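A.B. asks: how does the following fold in three dimensions:
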Amino acid sequence: MKTLVRVLRLPRGPDGSSRGFDPSSARYQALCPSTISASDPVDCVDLKSEQRARSVLRERYLRSLISMVKRDVKFTMYEKVKVDAVFQASDIDILNFQVADLETPLGVQKEALIRCPDVISYSFEIDSSKM
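C.D. replies: The predicted structure follows:
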């Protein structure tokens with residue numbers, strides 16, 4: 001039986017390098033509340049548990065990229081555009097996805113690059129019998 005996997009991409013950080021938000025900014029406090037306040041003294045136990053949770057989420061995201069190779073992926077882009085493609089690779093900074101047989105509303109492209117900042121979400125099916 002196949003299981004559908006959905007992945008939601010978060011917006012880029014204010015620094016433009018997608019390395020995260022400034023924890024002291026009002027926008028960060030409103031959109032990304034953390035268990036650890038940027039202005040309060042940090043408890044070492046809280047910091048370690050949050051770092052552990054973040055590393056687990058990062059590892060899951062990277063494993064999802066590995067699982068997508070040579071699979072049909074449905075991308076939801078801005079302006080409600082939905083495209084289908086066979087995922088092939090990502091660059092090292094995960095700024096672009098290389099895909100094959102990209103099916104767009106305008107036609108099919110044999111090979112293409114999808115800019116990750118243009119992707120809102122993507123989903124693909126995994127074969128649960130291999131798990």
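
A.B. asks: so Glu50 sits in a strand?
C.D. replies: No: counting by DSSP: H, G, I helix; E, B strand; the rest coil, Glu50 is not found in a strand; it is helix.

A.B. asks: can I assume Pro105 is in contact with Val81?
C.D. replies: Yes: using CB atoms under 8 Å, Pro105 is in contact with Val81, at 6.8 Å. The C-beta positions use only the backbone N, C-alpha and C, and glycine is treated the same way.

A.B. asks: more neighbours: which of those two?
C.D. replies: Higher neighbour count among Pro105 and Val81: Val81, with 12 against 7, using other CB atoms under 10 Å.

A.B. asks: measure that one to Lys110 for me?
C.D. replies: From Val81 across to Lys110, the span is 19 Å (CB to CB, to the nearest Å).

A.B. asks: next one: Val73
C.D. replies: Counting by CB to CB, the gap from Val73 to Lys110 is 16 Å.

A.B. asks: more neighbours, these two?
C.D. replies: Val73 (21 against 7).

A.B. asks: sheet partners, orientation included, of the helix or strand containing that one?
C.D. replies: According to DSSP states H and E, Val73 maps onto strand 72-77. Sheet pairing for strand 72-77, assigned by DSSP bridges, gives strand 82-90 (antiparallel), strand 119-127 (antiparallel).

A.B. asks: so for that strand, mean pLDDT?
C.D. replies: Mean per-residue pLDDT for strand 72-77: 94.

A.B. asks: same question, stretch 122-131
C.D. replies: Mean predicted lDDT for stretch 122-131 stands at 78.

A.B. asks: list the buried residues in it.
C.D. replies: Tyr122, Phe124 (16 or more other CB atoms under 10 Å).
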